[in-house]
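S.K.: Show me how the following folds:
(2 chains)
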Amino acid sequence: MRWISNLFSRYWRNVHFISVLLLSLILILGGGQVTGFTSGVVSAVFYAPFSLIKNTVVALATVNTDNERLQQALVEASAKVVQLEEMERENARLRAILGFTPPENYTLIPAEVVSVSGDHVSLAALINRGTRDSVEIDQPLINEQGLIGRVVSVSPLSATVQLLTDPTARVAVRIADSREMGIVKYQVGTGMILDNFPIQGSIKEGDLILSSGLGGIYPPGLVVGTVIAVERPEEEPFCRVRLQPAANFNSLEELFVLRVHGP
Amino acid sequence: MNIIAYILYLLLIGMHAVIWKDVTSIFDVVINLPACLVLLVALYKDEVPVTWFGFLAGLVAAAGAPDRMGWYALLMAVLALAGCFVRERLNLDSLKAKLLLVLGGVFVHNVGSLIISGTDGLFILLGTSALTGAVYTTLIAWLFFLFKEGKLTVEKLKSIF
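M.R.: Below is the predicted model of the structure:
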């Protein structure tokens, strides 16, 4: 037995190398089943953990990219929703305007407000219609709510409108029920008032105030506002009448210039 | 060296094949880490474990090509044995000699791999892939030797940057 042991230790290296050679030959000649099995085992042990890590990292990177893409899409969609909501509101306004009929002998020139000036109160507005659209100075402007003001200056493509909220603006008015007349103006701090209305005059809260047409600028019958407060101080000859303007001067968008028919 | 170290080397080869091979390749020139590791182990270890390690390293490296797995494993085992043979016959104390062994060994392995895979344009690939890959791999081996011999340390690297 000893000689076998000596022989084994003497050729120890060769035995290992021959084993390796034999195993290699088995793999080379063994066919697909042997190599497939070996490859599967080796891959599962030495490749799979790193494939998992790599796939996870790639998936995370993809998730980040997807997330950024979706966030961008969300922002774009939100912007579109806001745009559509705005269009919906515009549509509603235009539908309301469609049912609006101008005063007799007047035609409507549609205009859009380009800008509004004034610090605390809107004093003037720039519209996108001018002399090319037959807009002239002193033409009144209205919207579906009521009287807005008048044109004070005009250029070929635009015009400036003095709004009723300008303290220098005056409108000759008539109370719709009692037919009594007065002058409407705007006071900073107080708001729209009916000026110099006699204390014995017939007026009450809720009365509708219409333009009388006596000033020569505004045609009669345009809604100016509604009475919201009437005070009758004993020591004064005139009432203090506060009005709620018919038009909302904080959200002016589509207006109509009133143009008289014919020459 | 215990068996755990060899298993870690094999895992390193697997990780290189899955993750680092593509990342570290430069114009299709790749680091031949399996051959490099086998030669480095052959420089320091005995023939028998090195032969087996070469065989297993060949298996791991060729797991993606099962039809040529046996050839790759045999080639790597022969490379490991040749590495040991050269180390025993020649004086390989100097860094240059070790690097020359790695360069030559990796180049031979690259050529052998090209022959086994039956790639067309072998002579062109000898220059564009085998030799450049061997040089690239030797560069990595050089860094390894510098670290091993203490000529390159983390502190020195920090001082550079």
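
S.K.: what does chain A have sitting close to chain B?
M.R.: A:12-13, A:16-17, A:20-21, A:23-30, A:32, A:35-36, A:38-39, A:42-43, A:45-47, A:49-51, A:53-54 (C-beta under 8 Å from any C-beta of the partner chain). Every C-beta, even on glycine, is put in place using the N, C-alpha and C of the backbone.

S.K.: Helices - which of these land there?
M.R.: Under the assignment DSSP state H, these contribute A:12-13, A:16-17, A:20-21, A:23-29, A:32, A:35-36, A:38-39, A:42, A:49-51, A:53-54 to helices.

S.K.: ok, and what's touching stretch B:147-160?
M.R.: Applying C-beta atoms under 8 Å, 6 or more residues apart in numbering or on different chains, the contact partners of stretch B:147-160 are B:95, B:143, B:146.

S.K.: go with 7 Å
M.R.: Residues outside stretch B:147-160 that contact it (C-beta atoms under 7 Å, 6 or more residues apart in numbering or on different chains): B:143, B:146.

S.K.: For it, measure first residue to last.
M.R.: For stretch B:147-160, the first-to-last residue distance is 15 Å (C-alpha to C-alpha, to the nearest Å).

S.K.: So, low pLDDT: which residues of the stretch 101-250 of chain A?
M.R.: Along the stretch 101-250 of chain A, the parts satisfying pLDDT under 70 run over A:119-121.

S.K.: partners of A:Val151 in the sheet?
M.R.: Under DSSP bridges, the beta-bridge partners of A:Val151 are A:Val161.

S.K.: Ok, A:Ser117 next?
M.R.: Beta-bridge partners, per DSSP bridges, of A:Ser117: A:Ala124.

S.K.: ok, it - how many residues close by?
M.R.: A:Ser117: 11 surrounding residues under other C-beta atoms under 10 Å in any protein chain shown.

S.K.: is it true that it touches A:Leu123?
M.R.: Yes. A:Ser117 lies in contact with A:Leu123 (C-beta atoms under 7 Å); the separation is 5.9 Å.

S.K.: Tell me which helix or strand in chain B has the weakest average pLDDT.
M.R.: When the helices and strands of chain B are scored by mean pLDDT, DSSP states H and E, helix B:122-125 comes last with a mean of 74.

S.K.: Can I get that helix in CSV? Just the C-alpha atoms.
M.R.: Output of helix B:122-125 as CSV, limited to C-alpha atoms (Å, rounded to 0.1, in the frame of the first residue of the first chain):
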residue,chain,number,x,y,z
LEU,B,122,-8.7,37.3,-35.7
PHE,B,123,-5.5,39.1,-36.8
ILE,B,124,-7.2,42.5,-36.6
LEU,B,125,-8.6,41.7,-33.2
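
S.K.: Can you say which of the residues of chain A next to chain B are buried?
M.R.: The neighbour count (16 or more other C-beta atoms under 10 Å in any protein chain shown) marks A:16-17, A:20-21, A:23-24, A:27-28, A:30, A:35, A:38-39, A:42-43, A:46-47, A:50 as buried among the residues of chain A next to chain B.

S.K.: Can you pull out the low-pLDDT segments for chain B?
M.R.: By pLDDT under 70, the weakly predicted segments of chain B are B:1.

S.K.: Against chain A, how distant is the residue nearest in space to the middle of chain B?
M.R.: Closest residue to the average C-alpha location of chain B: B:Cys36 at 1.6 Å, with C-alpha atoms, centre = their mean. As judged by C-beta to the nearest C-beta, to the nearest Å, B:Cys36 and chain A stand 17 Å apart.

S.K.: you'd agree that residue is up against B:Val106?
M.R.: Yes. Between B:Cys36 and B:Val106 there is a contact under C-beta under 7 Å: 6.1 Å.

S.K.: Contact partners for the residue nearest to the centre of chain B?
M.R.: B:102, B:106, B:137, B:140-141.

S.K.: Tell me if stretch B:89-99 is near chain A.
M.R.: No. Using C-beta under 7 Å from any C-beta of the partner chain, stretch B:89-99 stays clear of chain A, with a minimum separation of 14.7 Å.

S.K.: Format the CA atom coordinates belonging to that stretch as PDB.
M.R.: Extracted in PDB, the C-alpha atoms of stretch B:89-99 (Å, rounded to 0.1, in the frame of the first residue of the first chain):
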ATOM      1  CA  ARG B  89      11.400  28.700 -13.000                       C
ATOM      2  CA  LEU B  90      12.100  32.400 -13.200                       C
ATOM      3  CA  ASN B  91      12.900  35.000 -10.600                       C
ATOM      4  CA  LEU B  92       9.800  37.200 -10.500                       C
ATOM      5  CA  ASP B  93      10.600  39.400  -7.500                       C
ATOM      6  CA  SER B  94      10.700  42.600  -9.500                       C
ATOM      7  CA  LEU B  95       7.500  44.500 -10.300                       C
ATOM      8  CA  LYS B  96       8.400  44.700 -14.000                       C
ATOM      9  CA  ALA B  97       8.700  40.900 -14.200                       C
ATOM     10  CA  LYS B  98       5.400  40.400 -12.600                       C
ATOM     11  CA  LEU B  99       3.700  42.900 -14.800                       C
END
